[in-house]
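**Student:** Model the following, please.
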Amino acid sequence: MSHAKPAKHTKGCSTLVSLVIGLSLLTVAACVVGNMLRPASKLPAGVTATVPAPGALAIAYSPEKATLFNDLVAGFNSQGLKTPDGRPMQVNGVVMEPEAMIEAAVNGQVQAVNPDSSIWLDQIDRAWQAKNQSDSPLVGETSRYAISPVVIAMWEDVARSMGYPDKRLGWEDILNKAKAGPNFKWSHPSTSSASGLLATLAMFYAGAGKTRGLTIEDVQAESTLNYVAQVQKTVRQYGEGEWPTMQRVIEQGRNYLDAFVVGEQLVVYHNQGTGRDKLVAIYPREGTMWEDHPLALLETPGLSADQRLTFQRFRDYLLSKESQQKVLAQGFRPTDLSIPLTGAASPINEARGVNPAEPQTALQIPGAAVVQVVRDVWWYTKRNTNVFLVADTSGSMQGDKMEAAREAMRVFVDQIKGNKERVGLVTFSSAVNDIIELKDLGSNRVALNDKIATVQAGGDTALLDAIRTAYLRLQKLNDRERINAIVVMTDGRENNSQTTLNQLVSQIKRQNAGGVPVVIFCIAYGSDADFDVLNAIAAASNGQARQGDLATIRDLYKILSTYF
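**Tutor:** Below is the predicted model:
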């Protein structure tokens, strides 16, 4: 495979990344995915997370297939199957993001997993082996019942403006569209999600001009790094995964993004149910990868014979003709090849924005060492960020709230691995108290953590003045090469600012349109926070407002860190 590559855009990228690769190769055998107990993403209507019943087979599954998986579990349980000694066979599904799933697997909280991609199975084994000082794998019998190619979802008229369907589009077309029109907004999730990681691997393959056998040498090559970096520098923002992205698209429509990376079935999902503008799936001409949704038994020490048998019966049920038809009806591709994708009952068709004849080029998932290096290298090819943390230190934050907020901010800073990201801090109470200006984390990380550790609570709440302070600094910086963002947290109601809400919202809308776009993420911390005010500020910047408490604030900051 060959194609024109973009010109070099930066000096020294290969040297910087080679340092990371060297460290990664020394530690890859003992790599453990860090603790990340994320709360489950918002589920489809009618779908609820469940708590495993004692003695049942608990299976952690990824949120993008919640409707399908819960339907299959209900169908299996309704059969009333019994174990040889007469006990009921029961499956309980527990929805989890991949990294929380890894932790739950290693800690014996579930007996089986059903992530969106097999790439997480290796991570489970690595985490298990590191924890137990053992070479024995945790992942046992594995089966696949649904697959879906990773695609670039795009509004149909946007795709047609780029030559679709007569022209097969790819990563270079995304790059050229973004360069030609600065208002073109596209996104892929961070590499902590399968679709984000698989899309990133596809970019590395494209940069290397290969479709199989990607090596560490390919990843390290300066031409590959330059190619990937140029594409990455056009990303509007990253995010936590494909299912949350699709939720935002359904809620906000085309105002949110022009294009974004998801599994093919989510394009079908959108076009089946929203009645809004049509999305189409772009299968990158350079090649793409598949989410293979493996169902894997975990060989935990406490696994019972009944649970093993239940797993095997559930696996057989998933592979039955009836279940495979359900898989297809939900927009996934069944693994039973006797079921036609072009049949009358299949939603894999042009009307749903997808093409059963695609993808024409399927990329090979590289070895675990290469995948780990790509995850590390991504921090040196991704679009960099200028982000201000805006932290409430008013009197109502005293005690446990302040300590939880400190921990949450520390987590946010720690989760951003790249030292080129710029992070600043604004604290406020009755007025703006302290400001740590934006600097690269390579030189700013210690100062940020020191200030976070020593912030004290007291006074009133000058929320609007604090947000405006951070916002004006980002506008003055006038950096259009980076993602510019503010993450603000407050537990109370505005009562001491000179700026009014209308003034701030108007300024954000005006300057975001004509100046540097700044996205604002707001966290309403506790029941007293004024969510309406925070939501208005977030909406003005095309950002998000979320609610948190003592139990969730740390995880919310972890989630938000994936955007940067």
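
**Student:** Name the spans of this structure whose pLDDT lies under the cut-off.
**Tutor:** 1-54, 274-275 (pLDDT under 70).

**Student:** Residue 199: what secondary structure?
**Tutor:** helix (DSSP: H, G, I helix; E, B strand; the rest coil).

**Student:** wait, it sits on residue 259?
**Tutor:** No: Residue 199 is not in contact with residue 259 according to Cβ atoms under 8 Å; the separation is 11.6 Å. In this view, the C-beta of every residue, glycine as well, is placed from N, C-alpha and C.

**Student:** residue contacts, residue 162?
**Tutor:** By Cβ atoms under 8 Å, 6 or more residues apart in numbering, the residues touching residue 162 are 169, 173, 177.

**Student:** and which of those residues is nearest residue 237?
**Tutor:** residue 177 (16.8 Å; Cβ to Cβ).

**Student:** Next, the closest one: secondary structure please.
**Tutor:** Classified using three-state DSSP, residue 177 is helix.

**Student:** So residue 262 sits against residue 246, correct?
**Tutor:** Yes: Residue 262 lies in contact with residue 246 (Cβ under 8 Å); the separation is 6.1 Å.

**Student:** So between those two, which is more surrounded?
**Tutor:** Remark: of residue 262 and residue 246, residue 262 carries more neighbours, 28 against 22, as counted by other Cβ atoms under 10 Å.

**Student:** where do the strands sit along the stretch 451-564 of the chain?
**Tutor:** Along the stretch 451-564 of the chain, counting by DSSP state E, counting those that start in this stretch, strands occupy 483-490, 519-525, 544-548.

**Student:** ok, now the stretch 251-400 of the chain?
**Tutor:** According to DSSP E, counting those that start in this stretch, the strands that the stretch 251-400 of the chain contains are 259-263, 279-282, 290-291, 294-298, 333-334, 385-392.

**Student:** The third one pairs with which strands?
**Tutor:** Taking DSSP bridges as the criterion, strand 290-291 sits next to strand 146-155 (antiparallel) in its sheet.

**Student:** Strand 294-298 and the partner strand, what's the angle between them?
**Tutor:** Angle, strand 146-155 to strand 294-298, by axes from the mean of the first three to the mean of the last three Cα atoms, to 10 degrees: 130 degrees.

**Student:** ok and strand 146-155 relative to strand 259-263, angle-wise?
**Tutor:** Using the same axes, to 10 degrees: strand 146-155 against strand 259-263 is 170 degrees.

**Student:** in the helix or strand following strand 146-155, what counts as buried?
**Tutor:** Beyond strand 146-155 on the C-terminal side, the first helix or strand identified by DSSP states H and E is helix 156-161. By neighbour count with 16 or more other Cβ atoms under 10 Å, helix 156-161 contains the buried residues 158-159.

**Student:** got the contact list for helix 156-161?
**Tutor:** Counting by Cβ under 8 Å, 6+ apart, 164-165, 169, 258-259, 277-280, 282, 353 sit against helix 156-161.

**Student:** ok, so of the residues you listed, who is nearest residue 224?
**Tutor:** Of the contacts of helix 156-161, the one sitting nearest to residue 224 (Cβ to Cβ) turns out to be residue 169, at 20.8 Å.

**Student:** What about that closest one, how many residues nearby?
**Tutor:** So residue 169, with other Cβ under 10 Å, has 21 neighbours.

**Student:** That one belongs to a strand, doesn't it?
**Tutor:** No: using three-state DSSP, the assignment for residue 169 is coil, not a strand.

**Student:** looking at the sheet around the nearest residue to it once chain neighbours are set aside, what are its partners?
**Tutor:** Among residues not flanking residue 169 along the chain, residue 282 sits closest, at 5.0 Å (Cβ to Cβ, 6 or more residues apart in numbering). Beta-bridge pairing for residue 282 (DSSP bridges): residue 152.

**Student:** In this structure residue 282 contacts residue 167, no?
**Tutor:** No: here residue 282 lies out of contact with residue 167, judged by Cβ under 8 Å, at a distance of 10.5 Å.

**Student:** so how far is residue 311 from the residue lying closest to residue 306 once chain neighbours are set aside?
**Tutor:** Using Cβ to Cβ, 6+ apart and skipping residues adjacent in sequence, the residue nearest residue 306 is residue 83, 4.6 Å away. Distance check for residue 83 against residue 311: by Cβ to Cβ, to the nearest Å, it reads 12 Å.

**Student:** Name the residue most distant from the centre of this structure?
**Tutor:** Residue distances from the centre of the chain (Cα atoms, centre = their mean) peak at residue 85, which lies 43.5 Å from the mean C-alpha position.

**Student:** Which residue lies closest in space to that residue, excluding its sequence neighbours?
**Tutor:** residue 306 (7.9 Å).

**Student:** mind listing what the one you found touches?
**Tutor:** Counted by Cβ under 8 Å, 6+ apart, residue 306 has contacts 55, 83, 85, 87, 89.

**Student:** quick one: which of those residues has the most company?
**Tutor:** The contacts of residue 306, ranked by neighbours (other Cβ under 10 Å): first place residue 89, 22 neighbours.

**Student:** doesn't residue 311 make contact with it?
**Tutor:** No: with contacts counted by Cβ under 8 Å, residue 89 stays clear of residue 311, the gap being 9.6 Å.

**Student:** what do those two both touch?
**Tutor:** What both residue 89 and residue 311 touch, as defined by Cβ under 8 Å, 6+ apart, is the set residue 57.

**Student:** What about the closest residue to residue 261 other than its chain neighbours, how many residues nearby?
**Tutor:** Once flanking residues are discounted, residue 261 sits nearest to residue 188: 3.8 Å by Cβ to Cβ, 6+ apart. Residue 188 has 31 neighbours, counted by other Cβ under 10 Å.

**Student:** Isn't residue 188 up against residue 241?
**Tutor:** No: in this structure, residue 188 is not within contact of residue 241 by Cβ under 8 Å, at 10.5 Å.

**Student:** between those two, what contacts are shared?
**Tutor:** With Cβ under 8 Å, 6+ apart, residue 188 and residue 241 have common neighbours 195-196.

**Student:** What segments of the stretch 101-250 of the chain are strands?
**Tutor:** Using DSSP E, counting those that start in this stretch, strands in the stretch 101-250 of the chain cover 112-114, 139-144, 146-155, 186-187.

**Student:** Most tightly packed of the ones you listed?
**Tutor:** strand 112-114 (a mean of 27; mean count of other Cβ atoms under 10 Å).

**Student:** Can you tell me what sits against that strand?
**Tutor:** Against strand 112-114 from outside (Cβ under 8 Å, 6+ apart): 57-62, 65, 69, 101, 105, 120-121, 124, 293-298, 311.

**Student:** strands paired with that strand, and their directions?
**Tutor:** Strand 112-114 is paired, per DSSP bridges, with strand 57-61 (parallel), strand 294-298 (antiparallel).

**Student:** hang on, the earlier thing: dump the contacts of residue 306 into JSON lines; add secondary structure and distance to residue 341 as well.
**Tutor:** Shown next, in JSON lines, are the contacts of residue 306 (DSSP: H, G, I helix; E, B strand; the rest coil; distance: Cβ to Cβ, whole Å):
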{"residue": "55", "secondary structure": "coil", "distance to residue 341": "39"}
{"residue": "83", "secondary structure": "coil", "distance to residue 341": "37"}
{"residue": "85", "secondary structure": "coil", "distance to residue 341": "42"}
{"residue": "87", "secondary structure": "coil", "distance to residue 341": "39"}
{"residue": "89", "secondary structure": "coil", "distance to residue 341": "32"}
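
**Student:** any idea how far residue 350 is from the closest residue in space to residue 65 that isn't next to it in sequence?
**Tutor:** Leaving aside its chain neighbours, residue 65 sits nearest to residue 293 (6.7 Å; criterion: Cβ to Cβ, 6+ apart). Remark: distance between residue 293 and residue 350 (Cβ to Cβ) = 24 Å.

**Student:** again, but for residue 546
**Tutor:** 37 Å.
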